[in-house]
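# mind looking at a prediction? Sequence and model below.
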Amino acid sequence: MRIGEIAALVGVTPRAVRHYHQAGLLPEPARRANGYREYGVRDAVLLARIRRLTELGLGLDEVRGVLADDEGRGLVEVLEELDEDLARQEAVIRERRERLGPLLTEARAGRLPAEGPVSPELAALLAGLGELPESPMAAKDREILALLDTVVPETERARLMSLMHGVAGSAREVYGLLDALADAEPDDPRVDGAARALAAVLPDGLAVELPPEGSGGIADAFFADLAPAQSAAVRRAIELVLTRGNDDSDDSDDSSEAGA
């Protein structure tokens, strides 16, 4: 048989046969006087075995190891490893389909948020917010929530979204105050009022100590997207919430000492 004939017999391409030769899986057969390779039944049997092994998902190095083990012990080990790997892939696919199902239902019903697909926690939060107000700051808020939904670890994300549920209903007035600062300077007297209004709706657990400016990361990206006065107001609000949390902690310590 010539290369095209053995390839057709086994169900592979002549290119695959040549590749197996180059990889050292299939020995080069003897050539005729005219220079053409001459394949026999044993070549076809070996080529068929290579095809079956690769169709199972084995890499060429694994196939080479199996073919080199005449007693088949290597094949058992390789197949066991392959079975474990497929089981892991199956679990991943099952988990993805479980996540996809609710998203697909929402999408078909026309209820998937513009930021979607998002986690169930964020989807519930956005649904509670209702229709997005005509506010550039509200749009930025939803964008940053969608980003956090992706980059924050799952356990922390659930806590974050839970805290945000308490903010959602009170944020509309704050959006207007921050929007009004779009063309203002950081020393504008309205900055303090916007900061205090924002601090009033932020729970203590939502504010964290900000890294220094210029250190990179999501905080810098967020503040770079705000106008200078808006950035000043948000930073001041976070400072107020952190100070409020420290004051509450001090009061708690004083009460404990008094009780003692």
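Perfect, thanks for sending it.
# from memory residue 227 sits against residue 179, does it?
No. With contacts counted by C-beta atoms under 8 Å, residue 227 stays clear of residue 179, the gap being 9.6 Å. All C-beta atoms are positioned from the backbone trio N, CA, C, and that covers glycine.
# who does the longest helix seen in the chain touch, helix- and strand-wise?
In the chain, with assignment by DSSP state H, the single longest helix is helix 73-108. Using 3 or more C-beta pairs under 8 Å, 6 or more residues apart in numbering; DSSP states H and E, the elements in contact with helix 73-108 are helix 60-68.
# mind listing what's buried in the helix it packs on?
62-64, 66-67 (16 or more other C-beta atoms under 10 Å).
# pop out the phi and psi values for residue 37.
Note on residue 37: backbone dihedrals following degrees, to the nearest 10 are phi -70, psi 140.
# burial of it, as a residue count?
By the criterion of other C-beta atoms under 10 Å, residue 37 has 17 neighbours.
# out of everything not next to it in sequence, what's closest to it?
Spatial nearest neighbour of residue 37, excluding adjacent residues (C-beta to C-beta, 6 or more residues apart in numbering): residue 29 at 5.0 Å.
# can you report how many residues neighbour that neighbour?
Neighbour tally, residue 29, other C-beta under 10 Å: 17.
# over to the one 3 residues further on?
The number of residues packed near residue 32 is 10, by other C-beta under 10 Å.
# ok, the nearest residue to it once chain neighbours are set aside - contacts?
In this structure, residue 32 finds its nearest non-sequential neighbour in residue 38, 5.3 Å apart by C-beta to C-beta, 6+ apart. Residue 38 makes contacts with 1-2, 29-32, as judged by C-beta atoms under 8 Å, 6 or more residues apart in numbering.
# what's the closest of those residues to residue 78?
The closest of the contacts of residue 38 to residue 78 turns out to be residue 29 (C-beta to C-beta; 26.5 Å).
# correct me, but that closest one touches residue 40?
Yes. Here residue 29 reaches residue 40: they are 7.0 Å apart, a contact under C-beta under 8 Å.
# and stretch 146-154, what's its mean pLDDT?
Stretch 146-154 shows a mean pLDDT of 76.
# what of stretch 63-80?
Average pLDDT, stretch 63-80: 77.
# now the terminal residues of that stretch, how far apart.
14 Å (C-alpha to C-alpha, to the nearest Å).
# what residue of this protein is the furthest out?
The outermost residue of the chain, judged against the average C-alpha position, is residue 33 (59.6 Å), by C-alpha atoms, centre = their mean.
# hang on, the residue nearest to residue 37 in a helix?
No. According to DSSP: H, G, I helix; E, B strand; the rest coil, residue 29 belongs to no helix; its state is coil.
# pLDDT score assigned to it?
92.
# and the gap between it and residue 66?
To residue 66, residue 29 is 21 Å away according to C-beta to C-beta, to the nearest Å.
# residue 192 now?
Counting by C-beta to C-beta, the gap from residue 192 to residue 66 is 74 Å.
# and what of residue 203?
For residue 203 relative to residue 66 (C-beta to C-beta), the value is 60 Å.
# same check, this time on residue 58
7 Å.
# list the residues that contact both of those two?
Common neighbours of residue 58 and residue 66 (C-beta under 8 Å, 6+ apart) are residue 78.
# coming back round to it: can you pull the residues that touch both of residue 227 and residue 179?
Counting by C-beta under 8 Å, 6+ apart, nothing touches both residue 227 and residue 179.
# which stretches of this structure form helices?
3-10, 14-22, 41-55, 60-68, 73-108, 120-129, 136-151, 154-168, 171-179, 190-201, 218-224, 228-259.
# which strands or helices does the shortest one pack on?
I take that to be helix 218-224. helix 136-151, helix 228-259.
# the ones you listed: lowest mean pLDDT?
Looking at these, the bottom one is helix 228-259 with a mean of 73.
# quick check, central residue of the protein?
Geometric middle of the chain (C-alpha atoms, centre = their mean) lands on residue 150, at 5.8 Å.
# what's the burial count for residue 232?
By the criterion of other C-beta under 10 Å, residue 232 has 22 neighbours.
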